[in-house]
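K.L.:
sequence? don't have it. structure:
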DNA sequence: TTGTAGGCGTTATCAT
DNA sequence: ATGATAACGCCTACAA
């Protein structure tokens, strides 16, 4: 049988209110009595108030939910996601907040009240199943969307358009040759590498990647060199091997591209490997620009030229926003910077 | 004002029990009535049973807690930890379990009952503050310790001793020169790189690293070449830069080591970089063996020879253990394998 | 198949 | 400074 606050109160001959106060509001009783209560609790093995009951009563859990766009596992595997989580957890650590990781499994959200699990939510990327968003918008708890926007919620983004524009502009200063783009999640529901020709693209508002594509193309257009869809590949996920494959296809095309604009560093790293395996020298024969600036990008040889997005800072900001520690502006857009290294 | 199950029942003219069943036990009422209830809920914007109240009543939360040894952030930054979490989340995804990340902040555990937050716990590495362990052992929920053991709890480990023994034995077949060890967390409370001479080491039972050291030394001893403490460096954390520093110190010593046994791949990767910056060729001038087999180890050039530990599988197993899906053995020890690549 | 009612363990309010 | 008591929102015997 488990001990409750009530048992302890009976044992000590005081009221439950007093015991509760001993644990939760030390100033409400004499430190003498408090000591006595705590000692007795220790002796009997009472661990402190039951968290569930406390949450029910208080209407707060001390937990912030992180709704993750992809399956949970993806978020532990992708360095971009982990750095974001890293930033979030830094703030939570300080604030004594616990972090509940919520995947995009829709069944989960259907069965019970989304609201009561956590005191607030960070929604990292647009969930696969849009019904989740309906649930979310019906909620009265603070919530922040990251890397996308949702009517009525505060949001946090980086300037994807500007970042991509920067990348393409820089690339144009280094070569006059053919250009190809290796895009990420440009096409809905694709499961393989392929050119985007003829396929319906995601809508620009919903997608980080479409904003990046827009940024690339605008810069190219300004130089009169906008790319037709045959020169744009789509990768369904940000993975090394997919970058490798896409780059291989691109580099086998005529005329052989001399600049690859990649929408993630992992894709870019794969592309570099593909080029090397084909005997091409980087940056002499081929220039590659990534996106994200993951740690590996810096100590890879040749080191990757890329667009830095402050994932860690983004995580910190997101955390501060849900916790109401940063109410200056409703929506926040962080800057993306060009980092010139060896690959372009 | 928030809607409750009771409101919904009143609105519909049915009892609360029926509404509850409509959500939680579909077989207890006619599908017709159930439809009607669900539709009304939808219309009124009732989101489903309040999770907190449900947990209090049922005594279950659908949440498993992950007690992390280090600060939360570390676990998102270290590839070894993230791959473990990746494995855990794979199983949780399937089983509809949510994952609460609990750092080693002791204040957190002191205020309230550890028990009621989650239905079970995975304790990943020995918590910094041992008072947490007291709380944990007082608990009646299932718990699994990973990478250490605790009286009375099921545990999951890899064979660190055997892995290290494998590494050292392999190294001995490749060189007769001087050997140095770059260790990890061998010394308590160290904050910098340094030789372990004169410093009190952690006790072997508590520490993964001491078991690895033991494995290295046994293999060396069998060849009559056990290392004195001057040839053993300690890094307080598994970080690239620390490996770089330690290796630099080691390689500046006389006689210059020809084999570096590193207790993590990140340390090893840093060591490789240090050697390269000193103009040494790997594996000709220097051989390096890592530990962990993180993804980068494979596509680094030269690719790293290392000991593979199945972090992902470890995560899966840990998850299955807490969930009671794997009750065959109380304690599990997974094998560590030697992966020979280019660096030794 | 549906309804009644007690209690899960706390905490906040109001007395004393 | 301490105590009595009514919620918090739900679930589950048990009864009808």
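P.N.:
Received it, and whenever you're ready, just let me know what you need. Note that the structure is predicted; figures quoted are calculated from it, not measured.

K.L.:
ok, the closest residue to residue A:262 other than its chain neighbours - contacts?
P.N.:
Excluding the flanking residues, the one nearest residue A:262 by C-beta to C-beta, 6 or more residues apart in numbering or on different chains is residue A:268, at 3.8 Å. Using the backbone N, CA and C atoms, a C-beta is placed for each residue, glycine as well. Contacts here follow C-beta atoms under 8 Å, 6 or more residues apart in numbering or on different chains; on that basis residue A:268 touches A:182, A:243, A:260, A:262, A:288-291, A:297, A:304, A:306, A:343.

K.L.:
among the residues you listed, which ones are in strands?
P.N.:
Secondary structure of the contacts of residue A:268 is defined by DSSP state E; positions in strands are A:182, A:260, A:262, A:288-289, A:306.

K.L.:
just put those residues in CSV and tack on neighbour count.
P.N.:
As requested, the ones in strands among the contacts of residue A:268 are exported to CSV (neighbours: other C-beta atoms under 10 Å in any protein chain shown):
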residue, neighbour count
A:182, 30
A:260, 30
A:262, 31
A:288, 30
A:289, 30
A:306, 30
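
K.L.:
nearest to chain B among those residues?
P.N.:
Of all those, chain B sits closest to residue A:288, with 15.6 Å by C-beta to the nearest C-beta.

K.L.:
for that closest one, give me its contacts.
P.N.:
Going by C-beta under 8 Å, 6+ apart, the list of residues near residue A:288 reads A:259-260, A:262, A:268, A:271-272, A:275, A:282, A:304-305, A:343-344.

K.L.:
quick check: the residue of the stretch 201-344 of chain A found nearest chain B vs DNA strand D, distance?
P.N.:
Among the residues of the stretch 201-344 of chain A, residue A:296 lies closest to chain B, at 6.5 Å counting by C-beta to the nearest C-beta. Applying C-beta to the nearest atom of the strand, to the nearest Å, the value for residue A:296 to DNA strand D is 46 Å.

K.L.:
residue A:66 now?
P.N.:
From residue A:66 over to DNA strand D the distance is 23 Å, taken as C-beta to the nearest atom of the strand.

K.L.:
do the same with residue A:214
P.N.:
With distances defined as C-beta to the nearest atom of the strand, the gap from residue A:214 to DNA strand D amounts to 44 Å.

K.L.:
a markdown table for the ones in strands among the contacts of residue A:268, including distance to residue A:194 and pLDDT?
P.N.:
Listed next are these as a markdown table, based on distance: C-beta to C-beta, whole Å; pLDDT from 0 to 100:
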| residue | distance to residue A:194 | pLDDT |
| --- | --- | --- |
| A:182 | 11 | 98 |
| A:260 | 16 | 98 |
| A:262 | 16 | 98 |
| A:288 | 20 | 98 |
| A:289 | 21 | 98 |
| A:306 | 24 | 98 |
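
K.L.:
show me where chain A has strands.
P.N.:
A:63-68, A:98-102, A:120-124, A:143-146, A:154-158, A:179-184, A:194-195, A:232-235, A:259-262, A:287-289, A:306-308, A:331-334, A:337-339.

K.L.:
out of those, deepest packed?
P.N.:
Comparing the strands of chain A on average neighbours per residue, with mean count of other C-beta atoms under 10 Å in any protein chain shown, the densest one is strand A:259-262 at a mean of 30.
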